[in-house]
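**Student:** let me see the structure of the following:
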Amino acid sequence: MVKLQPLYDRVLIKRVNVEEQTKGGIFIPESAKEKPLEGEIIATGPGKIIDNKRVPLDVKIGDRILFAKYSETEITLEGEKYLLLKEDDILGIIK
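**Tutor:** Numbers count the residues shown, from 1 in each chain. Below is the predicted model of the structure:
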């Protein structure tokens, strides 16, 4: 359990792992890999406030999402790397 509660419309995600081998069997070195733009939501904020009303998020803990490139803030908690981003930077939920 992560000890961070995001505020407002922010979500905490864990980036998903990328395959280390191509379909043709070629192994990709760590330095040549592009970071994936997919992650799993670990924690969410309560939602943003619009006109003095709390608007809940459209995503929930456990959702696998696709997010915009360069929109995330990388943080380290308890030795693990996580990403913190706003709900507006989420492009979609992967079903």
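
**Student:** touching, residue 73 and residue 84? I think so.
**Tutor:** Yes: taking C-beta atoms under 8 Å as the definition, residue 73 is a contact partner of residue 84 at 4.7 Å. Where you see a C-beta, it was placed from the backbone N, CA and C, and this is true even at glycine.

**Student:** compare neighbour counts for the two and give me the winner.
**Tutor:** residue 84 (18 against 10; other C-beta atoms under 10 Å).

**Student:** does that one have any beta-bridge partners, and if so which?
**Tutor:** Counting by DSSP bridges, residue 84 is bridged to residue 12, residue 73.

**Student:** state the distance from it to residue 13.
**Tutor:** 8 Å (C-beta to C-beta, to the nearest Å).

**Student:** same check, this time on residue 61
**Tutor:** In terms of C-beta to C-beta, residue 61 sits 10 Å off from residue 13.

**Student:** identify the contacts common to those two.
**Tutor:** 41, 42 (C-beta atoms under 8 Å, 6 or more residues apart in numbering).

**Student:** distance of the most centrally placed residue in the chain from residue 53?
**Tutor:** Closest to where the C-alpha atoms of the chain average out (C-alpha atoms, centre = their mean) is residue 13, at 3.3 Å. As defined by C-beta to C-beta, residue 13 lies at a distance of 26 Å from residue 53.

**Student:** got the end-to-end distance for stretch 85-95?
**Tutor:** The first and last residues of stretch 85-95 sit 20 Å apart, counting by C-alpha to C-alpha, to the nearest Å.

**Student:** can you pull out the residues in contact with that stretch?
**Tutor:** For stretch 85-95, contacts defined as C-beta under 8 Å, 6+ apart pick out 9-11, 13, 38, 48, 57-59, 63-68, 71-73.
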